[in-house]
Each structure stands twice: as structure tokens, then as C-alpha cells.
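Enquirer: Predicted model and sequence below, questions to follow.
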Amino acid sequence: MTRDAGGTPALGEAVHDSARDRVGRVTGHEGPYVQVRPLAGGRTWDAEPAHLRPLTQDELLSALVAEVNARSRQPR
């Protein structure tokens, strides 16, 4: 994971938030928190940098496929 001097992940990085057991992309930094948005879009949430870890390539691919599958099951 690319972290700045303050220990926060880089913008655009795919991460897992262990406090919420959710995955998303880093969209910003505000005070001591990191803003994370679900991979398929949606509401951002604030996360503590200590609870974030980078997704492996396998985890990222699995999460993206799960999002596509969930969307395909929704009524049109």
C-alpha cells in the first residue's frame, strides 16, 4: 500500500476496511480520516487509516465480479 508520511493510503487505492468489513476505493482525506467509496459507487464512509489494508489483486477481482453479479440480479 502506498502511504504518505501520515500513514494514509493513496487516492484511488482499493482497500479493505476491517472495522466495517467492506471494500472500496480511497477518494479523499479529511482530518484524521480517509474517505472510502464502494467499488461500484455509492455513499462514501469515513475510515481510520489503521483499519485499512490494500486489496490483493485476487481480492480486487473477486470484489468487482461480486458487484457485477449483484447488479445482474437486480430487476431492470
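Expert: That came in fine, so what should we check first?
Enquirer: which other residues reach stretch 47-57?
Expert: Identification of contacts with stretch 47-57 by Cβ atoms under 8 Å, 6 or more residues apart in numbering yields 1, 3, 6-9, 13-20, 23, 26, 32-36, 63. Every residue, glycine included, has its C-beta placed from N, CA and C.
Enquirer: Kindly recompute the last result at 7 Å.
Expert: Under the criterion Cβ atoms under 7 Å, 6 or more residues apart in numbering, residues 1, 7-9, 13-19, 23, 33-34, 36, 63 lie in contact with stretch 47-57.
Enquirer: Over to stretch 21-38?
Expert: Stretch 21-38 is touched from outside by 8-17, 39, 44-49, 52, 55, 63, with contacts defined as Cβ under 7 Å, 6+ apart.
Enquirer: Pull out the buried residues from the lowest-mean-pLDDT helix or strand in the chain.
Expert: Every helix and strand of the chain was ranked by mean pLDDT, DSSP states H and E. The lowest is helix 57-72, at a mean of 92. When burial is assessed from 16 or more other Cβ atoms under 10 Å, helix 57-72 yields the following buried residues: 60, 63.
Enquirer: May I have that helix exported as PDB, CA atoms only?
Expert: C-alpha atoms of helix 57-72 as PDB (Å, rounded to 0.1, in the frame of the first residue of the first chain):
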ATOM      1  CA  GLN A  57      -5.200  -8.400  -7.000                       C
ATOM      2  CA  ASP A  58      -7.300 -11.600  -6.300                       C
ATOM      3  CA  GLU A  59      -9.400  -9.800  -3.700                       C
ATOM      4  CA  LEU A  60     -10.000  -6.800  -6.000                       C
ATOM      5  CA  LEU A  61     -11.000  -9.100  -8.900                       C
ATOM      6  CA  SER A  62     -13.300 -11.100  -6.600                       C
ATOM      7  CA  ALA A  63     -15.000  -7.900  -5.300                       C
ATOM      8  CA  LEU A  64     -15.500  -6.500  -8.700                       C
ATOM      9  CA  VAL A  65     -17.100  -9.700 -10.000                       C
ATOM     10  CA  ALA A  66     -19.300  -9.900  -6.900                       C
ATOM     11  CA  GLU A  67     -20.500  -6.300  -7.700                       C
ATOM     12  CA  VAL A  68     -21.300  -7.200 -11.300                       C
ATOM     13  CA  ASN A  69     -23.100 -10.300 -10.300                       C
ATOM     14  CA  ALA A  70     -25.200  -8.400  -7.700                       C
ATOM     15  CA  ARG A  71     -26.200  -5.800 -10.400                       C
ATOM     16  CA  SER A  72     -27.200  -8.500 -12.900                       C
END
